[in-house]
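>>> pasting the sequence and the predicted coordinates here, then a few questions.
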Amino acid sequence: MDMSSRKILDRGFTSLGIFSVVLMAVTLAVLLTPIIIRGAGAFVFRETVENRRFTFDVFGRGDEAALEVEVADAAKARKPVYDMVAEFRAEVGQMSGRRKRDMQGQLRTVENLLRELLGPFPGEPRPVMPRSRYGKPRWDRAEVALGRLLTVEDYDYSDPTQLGKKVLTPRVEKFRGTKLEELFDYLPAHAEAMLRPEWTLNWRFLTDEPVDANIFGGIWPALLGTIYLTVGAMLFAVPMGVVTAIYLVEYAGSSRIVSLLRTFVSTLAGVPSIVFGLFGLAFFLNTLFDLHLFNQVLGISRSKTVLAGSLTLALLVLPTIIRAAEEAIRAVPHSYKEAALSLGATRWRTVVTVILPASLPGILTGIIISMGRAAGETAPIIFTAAVALGKVPSLTELHQQPTPALPWNIYNLCSENQAIEEIRHVQYGMVLVLVGLVLLLNVAAILLRARISRKLRG
Amino acid sequence: MMERKSISKIAVAGLVTVLAVEAAFVVRTMAADDAKGSGKIVIDGSTTVGPIAKAFAEYYMSVNPGVTISVSESGSGNGAKSLIAGSCDIASMSRFMKDAEFKAATDKGVFPVAHVVAMDGIAIAVHPSNPIAGRGLTVKQVRDIYTGKINNWSELGGPDLKIVRISRDTSSGTYETFEGLVMKNEKLAADTEYVGAQAAMRERIKSTASAIGYVGLGFLDDSIRALEIDGVYPDNNTVSSGRYPVARPLFLFTNGYPALGGHVHAFVTLHLSRKGQEMVEQIGYVPVTKY
Amino acid sequence: MEVQSTTGSRVRRRAETKLCLSRRQSLVRGILGRLGHGLLFVMASSSLLAVLFIFAFIIRDAVPFFRLRGFSEFFTSPHWHPASADSPEFGALAILFDHALVTLCAAMFTVPLGIVAAVCLSDVLPFAIRQIVKPIIEILAAIPSVAFGFFALVILTPLFQNHGGNVLAGALWAVGIPVMLIVTWVLSDILSSKFKVGARKAARWTVAAVLAGIQVALLVYLGGKLSSLVIVSGTNALNVSLVLGIMALPTVVSVSEDALTAVGRELREGSYALGATRAETLVKVVMPAAGSGLFAAAILGIMRAFGETMVVWMAAGNSARIPSPWYNILQPVRTLTATIAGEMGETDQTYGAAHYHSLFAMALCLLIVSFLCNFAAEWFVRRTHKRMGKLAK
């Protein structure tokens, strides 16, 4: 092979490598873009007057006087709708036979769709569930509901040996020549006047309690629960991990023990997360907390608790912390240690006063990264800590109460829920918050590490 | 010598840290929750009953602000286990307790009492473009489809398309109900597809014109069509009157009949009230009362 | 004066007592020290204890299953009907197969890509760009698995279901065109080198045109085939394999990069000094030298995909069935991890219930495989370092 084709091969190889790196970057972009854009929709959206009413009624926020004016305006815009429906109802009352039955059915559908869009009709009893007490809280959902009100999706089964054809007809066709005909012109023209959408920045999404299966409100319990679980896991894992690292570097006598321990550390790191969950269930809940000492004397519950979840997560992140701490301690220059020892300090004193402070940033980096890991893990907390709905336990009940947690609630809302489409924005918002939390922690770690390396170099 | 001392110092320091941490977790709450004013209800169990339990819990907490309720949707088995272990007050289950669970409960001195909170009809559903949607099937025809005796929609007078059979995964309560009431414990055809969740079933039917599947009434929407079975369309009336053949009760289990006037009692009888009925209905299940 | 001297002697005396311990004191300190060392050791072996406990408790709850149902059904029957009232069946073969299928598909995609990217990072890209790429990998590694699962379920699934064929064809084109360009460029050059210098340019262009033509035709043909494909279920093995592959990528990249940098400059410089190009140096010298490390990277990457729960639970379709034909990755599948996560809540968790214990049997399978893989990976890593150590000497 001559020189030029070798050069070409070389370039080809290089471009293959660059291509793969670019592919990776593109993948990350593809992954994060929809999460960021649609997740932002949980915070920034066009809020209808219904959501403002809800916020005032349930959370007591908002300007009462302004809201009253607004509600009155919206009611004024809605009045013709209700008048038309009432007139039509009277008209149907005068019909007879099959046409009457048919029209009654049609009217009921329209009424139900209107209730979905605008909330209950004036004068109706106040429904129990917030979802039917208020109309659509978000303009994007209201537009969908409006679309369903205006067009009928039907199938034509005239030939039973063929698949039916989808027929989209304007709903107005069904009401030609009746008093309801005008409604279908009025609705799209006055939808904004009836719902009064306004752009809003709803940072309260983070700090509000969810209401009615997350259709209203925010994600506070899940967010706080995640923080509890993460911090709890750190409380157990950090002392264990750092002590292990100190032992491995400074105290372990023979290298055989060190390599044995290190093998087990990496084995622990390789255990699938769901196995941690099962272990948490079998050991902490079914065995340890079933003991008289824990259950009766200390009052730890045998069902899911924040404590059990934290312990399980602590095991999961232990290897990460041990490795980071070990590396950080090893990176402390030998001269530091020798200087301390030569001044007559004991080994322990050297560790505490010289080595630990010097390796602290490195250890912190490891801790921050494993916090991100603990916050995002789902499988270990399924059986040990997470619930779908609940108040966040107070600090004194962490050993007795389970908690909602972001990762579990994301799963719960997007896979086994009736109103999946209705609360898409909540799901995206939760993912954005979780990813944001984890990435924030990681960026902190990266910055910290950059500072350390600058210090070491300088 | 000094070194040894330092080691013990490390150990003591470590121990103290761990103990302090543990102690922080383990401070017992002494608040008595006997009084009607405040209290705590822990509900554990099925994902199917979950929406009802959650709606009831939110309503109950809004009416009684002092009460804390947690609802865990971790499965019927978990609910039973928690009730037996005494770690939940109410187990929500989409099936009745199994014999083994009952035995385990009575061995521990727990006596499960069932409260039927609602009925759940299981709708046999097809793609809306399927002309069968306008006609319906019999239980026997559905069984023949799922056992593989009927393989093409044309055998039922429909279009000439191979039937795509979809079932819930074999470990779900919905599957158990379907197996018992429709299949009469016959085995499903080998090429049946399985999906893992109610919502997934809906999506799966939505995407295939020749599919047949089954979902709980609460998960029906415009995108799929429920079939009349034996001439009965699944809705609130037919399920509650027992005319629709594929329906099951949903349970709340308590340990013994709850003390009258307590929060647990109020909670497990909520479905008997007008508000409870309204909530059950709005979530898409079939109430057991009719006001 | 007097006072001073007395204090001086007192100080001296105190110092003496401090320096010399009595027999008893030294004994006590010795015991305390041993105790301390022991305690420290116990705390340090927390990970060891954790591993032992995990094994012990998983085995404890898995054994009753095999005692109840024996071994053969679990590993040879594909019929998984654990909740059947009359005749439950516990054949996990389909689930085991699906798990292996998903893992291998993910590996096929992530291992080559990851290793090439690592080579690029360690030897090709300039330092400044490396500083940008590294955080990208770290971010990719940090994203929680449930977010990946959400992405697979909410974004990829409808995409596959509604535009499945076109998406696959698009992906083929997106990957195919750059690869085609490189291949054409390289091959045409090599083939045309046989020609005389004068005719070389023309020859190169003709060869390139022919090659490109063939490849475009191939792409068009395959793309057409793919785009006419209808994916009936968006939650399928391909979907999760892709996402698992992305999740495993950072592991593969960072471990193989470590292995590649461990090779050291001497080998590289030696190779360059002999006149090798960068590609030759990398392929013929550096990568073989880092071979075991790259193996370890592959194993660790596969393990990451192997142990993942949320993505497969949410987006694999959870159908406990061997796809037909077996390589059809467009059908829904169910893995061990998803089965455990999904069914543990539904079983009656009484001691002696076969379903409950069967899930622990699955966990035991997971545990054993990951344990063995981990051992293998560690062995490979150690071998690389030993070899490199020898080379350095």
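Great, that's in hand.

>>> C-alpha from now on. contacts and neighbour counts both.
Fine.

>>> how deep is the residue in the stretch 201-350 of chain A positioned nearest to chain B tucked in, by neighbour count?
Nearest to chain B, among the residues of the stretch 201-350 of chain A, is residue A:348, at 4.8 Å (CA to the nearest CA). Applying other CA atoms under 10 Å in any protein chain shown, we find 22 residues neighbouring residue A:348.

>>> just the pLDDT for it.
Looking at residue A:348, its pLDDT stands at 77.

>>> distance of it from residue A:355?
Residue A:348 sits at a distance of 10 Å from residue A:355 (criterion: CA to CA, to the nearest Å).

>>> got it, and residue C:86?
65 Å.

>>> ok but the residue of the stretch 201-350 of chain A closest to chain B is inside a strand, no?
No - the assignment for residue A:348, made by DSSP: H, G, I helix; E, B strand; the rest coil, is helix rather than a strand.

>>> please tell me how far it sits from residue A:354.
10 Å.

>>> got it, and residue C:139?
33 Å.

>>> repeat that for residue C:337.
Distance, residue C:337 to residue A:354, by CA to CA: 45 Å.

>>> please apply the same query to residue A:322.
For residue A:322, the distance to residue A:354 - CA to CA - is 19 Å.

>>> neighbour count winner among the two?
Per other CA under 10 Å, whichever of residue A:322 and residue A:354 has more neighbours is residue A:322, with 29 against 18.

>>> check what pLDDT the more buried one gets.
92.

>>> skipping adjacent residues, who's closest to it in space?
residue A:241 (4.6 Å; CA to CA, 6 or more residues apart in numbering or on different chains).

>>> quick check, the one you found in contact with residue A:324.
No - counting by CA atoms under 8 Å, residue A:241 stays clear of residue A:324, with 9.1 Å between them.

>>> okay, these two: which has more neighbours?
Regarding residue A:241 and residue A:324, a neighbour count based on other CA under 10 Å identifies residue A:241 as having more, with 31 against 23.

>>> just confirm the more buried one is within a strand.
No - if the criterion is three-state DSSP, then residue A:241 is helix and not within a strand.

>>> and it, what is it in contact with?
Shown in contact with residue A:241 (CA atoms under 8 Å, 6 or more residues apart in numbering or on different chains): A:318-319, A:321-322, A:325, C:44.

>>> recalculate using a threshold of 7 Å.
A:318, A:321-322 (CA atoms under 7 Å, 6 or more residues apart in numbering or on different chains).

>>> and for residue A:374?
Each residue near residue A:374 by CA under 7 Å, 6+ apart is listed here: A:230, A:313, A:317.

>>> check the offset of the strand or helix carrying the first one from the chain's centre.
With elements delineated by DSSP states H and E, residue A:230 resides in helix A:220-246, which encompasses its position. Centroid separation for helix A:220-246 versus its chain: 19 Å, with CA atoms, centre = their mean, to the nearest Å.

>>> just stretch C:154-166 next, same as before
Using CA atoms, centre = their mean, the offset of stretch C:154-166 from its chain centre is 26 Å.

>>> is any part of it close to chain A?
No - applying CA under 7 Å from any CA of the partner chain, one finds stretch C:154-166 out of contact with chain A, separated by at least 7.9 Å.

>>> coming back round to it: what's the closest of the contacts of residue A:241 to residue C:381?
Nearest to residue C:381 among these, counting by CA to CA, is residue A:322 at 18.7 Å.

>>> whether the one helix or strand residue C:95 maps to contacts chain B - can you check?
Taking DSSP H and E as the definition, residue C:95 sits inside helix C:93-119. No - Helix C:93-119 lies out of reach of chain B by CA under 7 Å from any CA, never closer than 12.4 Å.

>>> average pLDDT for that helix?
Averaged across helix C:93-119, pLDDT comes to 93.

>>> and stretch B:115-131, by the same measure?
91.

>>> next one: stretch C:242-258
91.

>>> now do that stretch: distance to the chain's middle.
6 Å.

>>> just the strands in chain B please.
Remark: strands assigned in chain B by DSSP state E are B:39-45, B:67-73, B:90-93, B:112-126, B:164-168, B:193-195, B:211-216, B:225-226, B:247-255.

>>> should've said the stretch 51-200 of chain C
Assigned by DSSP state E, counting those that start in this stretch, the stretch 51-200 of chain C shows strands spanning C:80-81, C:89-90.

>>> sheet partners, orientation included, of the first one?
So that's strand C:80-81. Here strand C:80-81 is paired, per DSSP bridges, with strand C:89-90 (antiparallel).

>>> next, the contact list for the residue of the stretch 151-291 of chain B found nearest chain A, please.
Closest residue of the stretch 151-291 of chain B to chain A, CA to the nearest CA: residue B:159 (3.8 Å). By CA under 7 Å, 6+ apart, the contact set of residue B:159 is A:160-163, B:153.

>>> about what we covered before: between residue C:86 and residue A:355, which one's more packed in?
When residue C:86 and residue A:355 are compared for neighbours, residue A:355 comes out ahead with 24 against 7, by other CA under 10 Å.

>>> give the contact list for that one.
Counting by CA under 7 Å, 6+ apart, residue A:355 has contacts A:329, A:332, A:337.

>>> tell me the domain ranges of chain B?
B:4-119+B:249-283, B:121-240 (automatic domain parsing).

>>> worst average pLDDT in these?
Mean pLDDT is lowest for domain B:4-119+B:249-283 among these, at a mean of 78.

>>> next, count neighbours for residue 323.
Just so you know, I chose chain A. Residue A:323 has 20 nearby residues by other CA under 10 Å.

>>> I was thinking of chain C, sorry if that wasn't clear
21.

>>> list the contacts of residue C:98.
C:322, C:333-335.

>>> how about residue A:158, secondary structure?
Three-state assignment for residue A:158 (three-state DSSP): coil.

>>> dihedrals phi and psi, it?
Dihedral pair for residue A:158: phi -60, psi -30, per degrees, to the nearest 10.

>>> skip the chain neighbours and tell me the closest residue to the residue of the stretch 151-300 of chain A found nearest chain C.
Chain C sits closest to residue A:244 of the stretch 151-300 of chain A, with a gap of 3.8 Å, by CA to the nearest CA. Leaving aside its sequence neighbours, residue A:244 sits nearest to residue C:44 (CA to CA, 6+ apart; 3.8 Å).

>>> also residue A:238?
residue A:321 (6.8 Å).

>>> that neighbour against residue A:365, yeah?
No - using CA atoms under 7 Å, residue A:321 makes no contact with residue A:365, being 9.1 Å away.

>>> so for the two, which residue has more residues nearby?
Taking neighbours as other CA under 10 Å, residue A:321 and residue A:365 compare with residue A:321 leading, 30 against 24.

>>> list the buried residues in whatever helix or strand the more buried one lives in.
Secondary structure from DSSP H and E places residue A:321 in helix A:306-331. Going by neighbour count (16 or more other CA atoms under 10 Å in any protein chain shown), the buried part of helix A:306-331 is A:306-330.

>>> kindly report the same for stretch C:227-245.
Buried-residue list, stretch C:227-245, by 16+ other CA under 10 Å: C:227, C:231-245.

>>> do it and chain A meet at all?
No - with CA under 7 Å from any CA as the criterion, chain A is not reached by stretch C:227-245; the gap is at least 9.9 Å.

>>> kindly provide the distance from residue A:20 to residue C:133.
Residue A:20 is 12 Å from residue C:133, by CA to CA.

>>> got any residues that touch both of residue A:321 and residue A:365?
With CA under 7 Å, 6+ apart, residue A:321 and residue A:365 have no common neighbours.

>>> how about residue A:43, what does it touch?
A:201-203, A:205.
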